[in-house]
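Undergrad: With the sequence up front, the predicted model follows.
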Amino acid sequence: MSGSLFQQSLLEKEYSPHFFAYYYKQWEHYTMPYHQHNSTEIMYVISGSCTVEVRSGTGGEERFRLKRSELIILDANVPHRLIVEPDAACRMLNVEFGFAEHKGVAPSLSSLAREEGDLADFLQKPFISLMLSDPEEVFHVLKALVLELDQHGKEGGSLVQLLFAELLLRLSRLRRERLVASQQPSQLYVRRAVEFLHQNYDRSLQASEVAAAVNVHPGYLHRIFKAQTGRTLTDYLNLLRMEKAKMLLGQSEIPVAEIADYVGISSRQYFHLLFKKYAGVTPVEYRNSIERYSWSDNSLISDER
């Protein structure tokens with residue numbers, strides 16, 4: 001069958017990925033002739049920069065300037081070429097794939113699409129080329145996928161199929177985020193702020209550092225964060241820390257006196273006061289009576305993560 005991502009049969013029948021090529025390449029002062037192939041291609045820039053030119057079916061031409069941590073997805077049979085300027089270099093990771101009859105224990109593309117709305121939307125809105133900026137989530141999956149293919153061949157196995165599923169899910173979410181950012185950029189800023197908090201709650205944090213991480217002014221971030229989550233940055237961070245403390249108290253043997261360090265609070269006295277404020281009991285009381293207490297009223301909303 002065709003290597004295009006946009007075939008109705010992919011949503012109706014059971015298919016798995018089939019890989020044609022996967023490689024790293026350091027390009028220097030190079031102009032590739034126009035070419036096309038019956039497979040979908042992902043070109044990921046690891047370092048440096050390059051230009052990808054794409055020809056549409058109507059004869060038009062589009063140029064994409066890619067730099068580090070950016071990628072372009074090219075649908076099957078789309079004429080394209082790579083250009084690396086003189087005195088420049090570009091290191092890339094390329095993966096070319098199509099589809100074959102489903103086998104193995106990993107979910108097929110159609111079953112994934114039934115469960116994941118972003119992926120279903122991705123597969124039903126065709127493009128000939130799509131450029132995305134990656135917060136390195138896609139790169140980690142691509143690296144793992146290519147390593148697994150190198151070790152086990154093009155047929156791969158369950159892990160290859162699982163990594164490919166993760167790859168498509170992350171790409172579909174990035175595409176959705178780009179659309180949201182173009183329409184409502186504040187939603188993207190808040191989402192990135194929430195992700196930053198979840199990745200850094202275990203150390204001392206200032207609001208200015210969170211704002212810098214998402215490239216907005218602290219005052220602006222405070223306003224949009226409260227408007228979209230119903231909580232201030234500080235309240236969200238405190239609740240996140242207390243929720244992590246609750247998990248550690250209930251699911252680990254870490255001494256109560258050390259839990260504060262695990263959730264980024266330097267003062268154990270302040271940790272005890274904060275925990276009692278949010279949980280209604282002290283950390284010791286919570287550990288001793290876990291089944292009697294619930295944080296259902298204070299739990300973070302899952303889609304805020």
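TA: Received it, and whenever you're ready, just let me know what you need.
Undergrad: pLDDT weak spots in the stretch 1-150 of the chain?
TA: Across the stretch 1-150 of the chain, residues meeting the criterion (pLDDT under 70) sit at 1.
Undergrad: Strands of that one, start to end?
TA: Secondary structure of the stretch 1-150 of the chain, counting by DSSP state E, counting those that start in this stretch: strands at 15-31, 40-55, 61-67, 70-74, 80-101, 129-133.
Undergrad: Out of those, which is closest to Tyr278?
TA: Each of the strands of the stretch 1-150 of the chain was scored for nearness to Tyr278 using Cβ to Cβ, and the closest is strand 129-133 (36.2 Å). Quick note: C-beta positions are derived from backbone N, CA and C, even for glycine.
Undergrad: In CSV: the strands of the stretch 1-150 of the chain, plus distance to Glu209 and mean neighbour count.
TA: Listed next are these as CSV, based on distance: least, Cβ to Cβ, whole Å; neighbours: other Cβ atoms under 10 Å:
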stretch, distance to Glu209, mean neighbour count
strand 15-31, 34, 16
strand 40-55, 27, 19
strand 61-67, 25, 14
strand 70-74, 25, 20
strand 80-101, 31, 17
strand 129-133, 22, 18
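Undergrad: Met247 - how many residues pack around it?
TA: When counting by other Cβ atoms under 10 Å, one arrives at 12 neighbours for Met247.
Undergrad: okay, Met242: pLDDT?
TA: In the predicted model, Met242 carries a pLDDT score of 95.
Undergrad: nearest residue to it other than its sequence neighbours?
TA: The shortest distance from Met242 to any non-neighbouring residue, by Cβ to Cβ, 6 or more residues apart in numbering, is to Tyr278 (4.4 Å).
Undergrad: Quickly note the distance from that neighbour to Gln7.
TA: Tyr278 sits at a distance of 50 Å from Gln7 (criterion: Cβ to Cβ, to the nearest Å).
Undergrad: And Asp235, by the same measure?
TA: Noted for Asp235: a distance of 47 Å to Gln7, by Cβ to Cβ.
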